[in-house]
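Undergrad: Please find the sequence and the predicted model below.
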Amino acid sequence: MMRLRKAAERGHFDHGWLDTYHSFSFGDYYDPDLMGFRSLRVINEDRVEPGRGFGMHGHRDMEIVTYILEGSLEHKDSLGNGSIVRRGDLQRMTAGTGVRHSEFNPSTTEWVHLYQIWLLPQRKGLEPSYQQLAVTDNLTRGGFRLVASPDGAEGSLTIRQDARLYLSALSAGETVSHKIEPGRAGWLQVLRGNLNIDGHNLAAGDGAAVEDEKVVTVRAADDAEVLLFDLA
């Protein structure tokens, strides 16, 4: 069974410096029927103006993953980390008992385009931590590349939840499949391009929840990129 979440149906706010779309309830966007999917709580697609960003603010008890599609972010946090997160990079924060951070677009000319993802942790009160991972296009071609997992397998980020995140960059006409084990479910988020997923046409920004299926198959109509969540 597949349930589609079309891009145009998402919550949308244009704050001038921030153009943001919410797949699930977040901030001022609230829909009691869209509070997340299993442990996946937030999928926000953000575009941030040059020289602007999210000032220092706090989080608790959440696994936060950010993926940069275009541009870069300057990250600082209360753990002492400071870095530039560039196109193709992912960052992971375990907020746990509490962490403060800022994310700022350091460019004077280029907007940054990113996805911000929150997953509920396996338990509250975890020790806060930070990780960063560079993923180049060639590493995600021809299949799903594991980029986050509970045990950091295959060099992936370590998230504190029974969830696995995969990225795939597909050329036009290319097909890739992923097996879903019994009792688990999938969420697919189209990052770029156009895809056909088990007979459904999806474009950039579209998402799909997949339950009670053994395999999910993705075929690219043109050059595309997709993020797959494999969830308990």
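TA: Yes, it's here. Numbering: from 1, shown residues only.

Undergrad: In this structure, where is pLDDT below threshold?
TA: Along the chain, segments meeting pLDDT under 70 span 137-140, 142.

Undergrad: Quick check: beta-bridge partners of residue 157?
TA: Beta bridges link residue 157 to residue 148, judged by DSSP bridges.

Undergrad: just checking, it touches residue 151?
TA: No. The pair residue 157 / residue 151 is not scored as a contact, 10.8 Å apart, by C-beta atoms under 8 Å. The C-beta positions use only the backbone N, C-alpha and C, and glycine is treated the same way.

Undergrad: Other residues contacting stretch 167-180?
TA: 67, 135, 137, 140-145, 147, 166, 186, 193, 195, 210, 213-228, 230 (C-beta atoms under 8 Å, 6 or more residues apart in numbering).

Undergrad: May I see the buried residues of it?
TA: Of the residues in stretch 167-180, 167-170, 174, 176, 178, 180 count as buried by neighbour count, 16 or more other C-beta atoms under 10 Å.

Undergrad: Report the backbone C-alpha coordinates of it in CSV.
TA: The C-alpha coordinates for stretch 167-180 follow below in CSV (Å, rounded to 0.1, in the frame of the first residue of the first chain):
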residue,chain,number,x,y,z
LEU,A,167,20.3,8.0,-0.9
SER,A,168,20.2,7.2,-4.6
ALA,A,169,21.1,9.3,-7.6
LEU,A,170,19.5,7.9,-10.8
SER,A,171,20.1,8.6,-14.5
ALA,A,172,17.1,8.7,-16.8
GLY,A,173,15.6,5.2,-17.3
GLU,A,174,17.6,3.7,-14.4
THR,A,175,15.7,1.4,-11.9
VAL,A,176,16.6,0.6,-8.3
SER,A,177,14.8,-1.6,-5.8
HIS,A,178,14.8,-1.9,-2.0
LYS,A,179,13.5,-4.9,0.0
ILE,A,180,11.3,-4.1,3.0
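
Undergrad: Next one: residue 10 from residue 180, what distance?
TA: 24 Å (C-beta to C-beta, to the nearest Å).

Undergrad: Identify the residues contacting residue 221.
TA: 172, 193-196, 201.

Undergrad: Can you get me the start-to-end distance on stretch 74-88?
TA: Start-to-end span of stretch 74-88 (C-alpha to C-alpha, to the nearest Å) is 14 Å.

Undergrad: I meant to write stretch 187-199 there.
TA: End-to-end for stretch 187-199, by C-alpha to C-alpha: 16 Å.
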